[in-house]
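# I'd like to go over a predicted model; first the sequence, then the structure.
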Amino acid sequence: MKAWQRVSLMQAIRRPFYILWLSVVVFCGALLPSFFAGANASESNTVVKFYTWRTQDKPVWQAVNEKNLIPGVTVEVDAVFRSVYRSYVFLALQNGKADLFLWQPGATNLQELVRRNFIEPYPHDLSMMNSAAILAGKSAQGISYGVPFALQLQSMTINRKLLQKHGLDQKPQTMAELTQMFEALKAKGINPMHLAGGTNWYVKQVLAEVLLAGLVDEEFAAALLAGEECFTSPRYRLIFETLARWQAQGFVNDNITTEDYGVMARAVAVGNSAMNIDGAWMAGPTSIFYEIDPNFELGFWPVPGLSGKVYALGDGTFQVAATSKVRAAAQQVLEFTTTQKFAELFAEHVNELPAYGGAFYIKEGDLKNMAAIVADNAYPVSLFTAYALNHDSPSYNDLVFRAVEDILAGSKTPAQVVEDIQLGLNSWGYVGALNCQ
């Protein structure tokens, strides 16, 4: 066979394979954009870029896209590490790269977004949302920005199986009864209460607020917020006296001053500790509790005291970026988050309480129990989110973290740390400065 015939034959053999290969490439190339945008997205869909630190919410948005619940819009989720989230989102806002984003609760957190014109007031009615959750998106002037997304129960979190095993699952109604339970657990070699005293956000948002909700009556707490009562009062000091007593009696973990949040949860999950003070987000399907025991049973108890209530935190808001190039589509997504349908998807996929205030379906289990507890026994005051206490430095939240550190380190007494809190707030002229000299 001549050389030119051999070449022609090879070309004839290769041509079908080349055509097949090219066809596959073109076919896959056509599929890739829709694959990454969402299973039911079409080329005409507007893609809304959504920034969040909550990876557990991804299944919700996947369901929204797959079921085409917001016609003409596909939500593309970008989950960012919590430690760099604020700076990451601010950069995206400056460059017009963010359309929708999650933000932390309270007027203090909203302040810089408002000042830099990154967000605008929410233009529609929010009466369908839970009233406690709405506070998460209120500015210092009482203007609503964005839509609240979740209502988080925070309380003592109980390993029910462990307590049932030892016949100690009766909820204590008084501090004396809780103390008896702690003593019984300690006698059995079980650490009664596990606290992550070394985790800054946890101490501010969870530990301090849950103790407040259980030990301090709500009228007095509201008066603290208004500057009509002072932080040096024995009624407020009880928070730090309780912590100091628990530590002195050996009712808390030895390494409490340095303990990490994740380690705290694991200690309760495996049964080394009977309970902690935590948020009900730990009841989610990705929680370490259910990773260790798929049939783990959580209980949610208030700290028994004068108030005896749990803390319910509006855990942040969805915000439309004023710099977005697809604001109309982003607004469509925001409006969908105010609906019963979104609430039910959120409850189903995340197992947390949505911020929706109307009726919606919740299956039997932990989440339904949480909803009943919040409805019946939620504390109506939040010092953690209060603009009046946190809009200057040192903020109440920073002062209370320092106070807990000093108590657990044994370097100061309860009387000394509440004096420090009062002086710190007075130093920048907070609302109660003149009344609490």
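That came through fine.

# What pLDDT is listed against residue 19?
As predicted, residue 19 sits at a pLDDT of 40.

# just the one 3 residues further on next, same as before
We note a pLDDT of 38 for residue 22 in this prediction.

# Then residue 30?
Reading off the model, residue 30 has pLDDT 37.

# oh, and call the first residue 865 from now on, that's how I've got it
Yep, numbering from 865; the last one is residue 894 now.

# wait, residue 999 sits on residue 1249?
Yes: under the criterion of C-beta atoms under 8 Å, residue 999 makes contact with residue 1249 at 6.3 Å. Heads up, the C-betas are built off the backbone N, CA and C, glycines and all.

# Common neighbours of those two, please.
Here residue 999 and residue 1249 have 969, 970, 1178 as joint contacts, going by C-beta atoms under 8 Å, 6 or more residues apart in numbering.

# ok, which stretches of this structure are strands?
Counting by DSSP state E, the chain has these strands, from start to end: 910-916, 937-943, 964-967, 1011-1012, 1015-1023, 1055-1058, 1137-1143, 1162-1165, 1174-1178, 1181-1184, 1242-1243.

# The fifth one pairs with which strands?
Strands that pair with strand 1015-1023, judged by DSSP bridges, come out as strand 1137-1143 (antiparallel), strand 1162-1165 (antiparallel), strand 1174-1178 (antiparallel).

# can you check the second one too?
Applying DSSP bridges to the sheet, strand 937-943 is found paired with strand 910-916 (parallel).

# And the most centrally placed residue in the chain, what's its pLDDT?
Nearest to the geometric centre of the chain sits residue 1179, at 4.8 Å (C-alpha atoms, centre = their mean). Note on residue 1179: pLDDT of 89.

# Kindly report the same for residue 1050.
So residue 1050 comes in at 98 (pLDDT).

# Residue 1146 now?
With respect to pLDDT, residue 1146 has a value of 88.

# Just tell me which of the strands of the chain ends up closest to residue 1225.
strand 1015-1023 (16.5 Å; C-beta to C-beta).

# contacting residues around residue 1067?
Residue 1067 is in contact with 1060, 1061, 1264, 1265, 1268, 1269, counting by C-beta under 8 Å, 6+ apart.

# do residue 1172 as well
Applying C-beta under 8 Å, 6+ apart, the residues near residue 1172 are 1037, 1078, 1166, 1241.

# If we use 6 Å, what do you get?
1078, 1166 (C-beta atoms under 6 Å, 6 or more residues apart in numbering).

# Could you check how far it is from residue 1035?
Per C-beta to C-beta, to the nearest Å, residue 1172 is found 10 Å from residue 1035.

# From residue 1054, how far off is residue 1045?
11 Å.

# ditto for residue 981
Residue 981 is 54 Å from residue 1054, by C-beta to C-beta.

# How about residue 1004?
46 Å.

# Same drill for the two, tell me which one is more crowded.
Taking other C-beta atoms under 10 Å, residue 1004 and residue 1054 do not tie; residue 1054 has more neighbours (19 against 14).

# what separates residue 1081 from residue 1038, distance-wise?
15 Å.

# same question, residue 1005
Distance from residue 1005 to residue 1038, by C-beta to C-beta: 42 Å.

# Okay, domains of this structure per the record?
Domain assignment of the chain by automatic domain parsing yields the ranges 910-1014+1179-1224, 1017-1176+1245-1290.

# Helices of the stretch 1065-1214 of the chain, start to end?
For the stretch 1065-1214 of the chain, the helices defined by DSSP state H, counting those that start in this stretch occupy 1072-1079, 1082-1090, 1098-1112, 1125-1133, 1152-1156, 1191-1200, 1204-1214.

# OK, contacts around the closest residue to residue 986 other than its chain neighbours?
Setting aside the residues directly before and after it, residue 986 is nearest to residue 1008 in space (C-beta to C-beta, 6 or more residues apart in numbering), at 4.6 Å. For residue 1008, the contacting residues are 986, 990, 1001, by C-beta under 6 Å, 6+ apart.

# go again using 8 Å as the cut-off
Residue 1008 neighbours (C-beta under 8 Å, 6+ apart): 985, 986, 990, 998, 1001, 1002.

# Distance check, the last one against residue 975.
Same thing as residue 1002. 12 Å.

# The fourth one too?
Residue 998 is 17 Å from residue 975, where distance means C-beta to C-beta.

# what's the answer for residue 1230, then?
35 Å.

# who has more neighbours, these two?
residue 1230 (21 against 15).
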